[in-house]
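okay, predicted coordinates and the sequence, questions at the end:
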Amino acid sequence: MKITLIRHAQTEDNFLRKIQGRSNGLLNDTGRRQVLMLKMKISDNKYDCCYVSPLIRCMETAIVLVGDRVELIKDDRLIEREMGELEGRPVDEYNAFRYWDYDMNKKDFGVESVHDVFKRCRSFLNEIKKKHSNESVIIVTHSAPYRALRHLLLKHKISGKLLDGMIDNCQMEEFEI
């Protein structure tokens, strides 16, 4: 099985460095250019299906990338992390080390716990492994589910601080499992 993992392209909130959980913003001009460049990069790749978060920024990214070639399947487990009271606030107000510490599992201010992010991503991954064992699947999601899925696909230890670098807009990685 081949999995191609993609984070959505840039939105205005990303550009303005605002915390963007489940708000439903469109891609900005930079984001539209990013996704067109990625489309050219993957244009020769064959995919059997595309799973996508139902939020518009992921849908827009997926439609440009593969919408005319494969079925888009919305899956709520790929939605961005609930950011509660931090939604729309400056990124500097978000302590990533606190909210990505698996052992602390903080969920204050209404932020979805890291355990819950991993639980839904593990459920999603287990399901698609069974359904698409010999296929090529593309997944378009957000930073938090991308990070969790990446840890699971790489079989990293799931404990302690789970930050392993930035997940850039329109970042793509391929995994053979």
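Perfect, I can see it now.

CA atoms for contacts and neighbours, from now on please.
Noted.

and the pLDDT at residue 144?
pLDDT, residue 144: 97.

what sits against it?
80, 81, 117 (CA atoms under 8 Å, 6 or more residues apart in numbering).

isn't there a helix covering it?
Yes. Counting by DSSP: H, G, I helix; E, B strand; the rest coil, residue 144 is part of a helix.

and the next helix or strand past the helix or strand of the chain with the lowest mean pLDDT?
Lowest on mean pLDDT, DSSP states H and E among the helices and strands of the chain sits helix 96-99, with a mean of 90. Beyond helix 96-99 in the direction of the C-terminus, DSSP states H and E gives the next helix or strand as helix 114-131.

pick the one among the contacts of residue 144 closest to residue 109.
Nearest to residue 109 among the contacts of residue 144: residue 81, at 12.9 Å, using CA to CA.

tell me which element the closest one is part of?
Here residue 81 is assigned to no helix or strand, by DSSP H and E.

that one reaches residue 19, doesn't it?
No. Residue 81 is beyond contact range of residue 19, at 10.6 Å (criterion: CA atoms under 8 Å).

quick one: residue 36 and residue 65 touch, right?
Yes. Using CA under 8 Å, residue 36 makes contact with residue 65 at a distance of 7.4 Å.

give me the element residue 46 is part of.
Using DSSP H and E, residue 46 falls outside every helix and strand.
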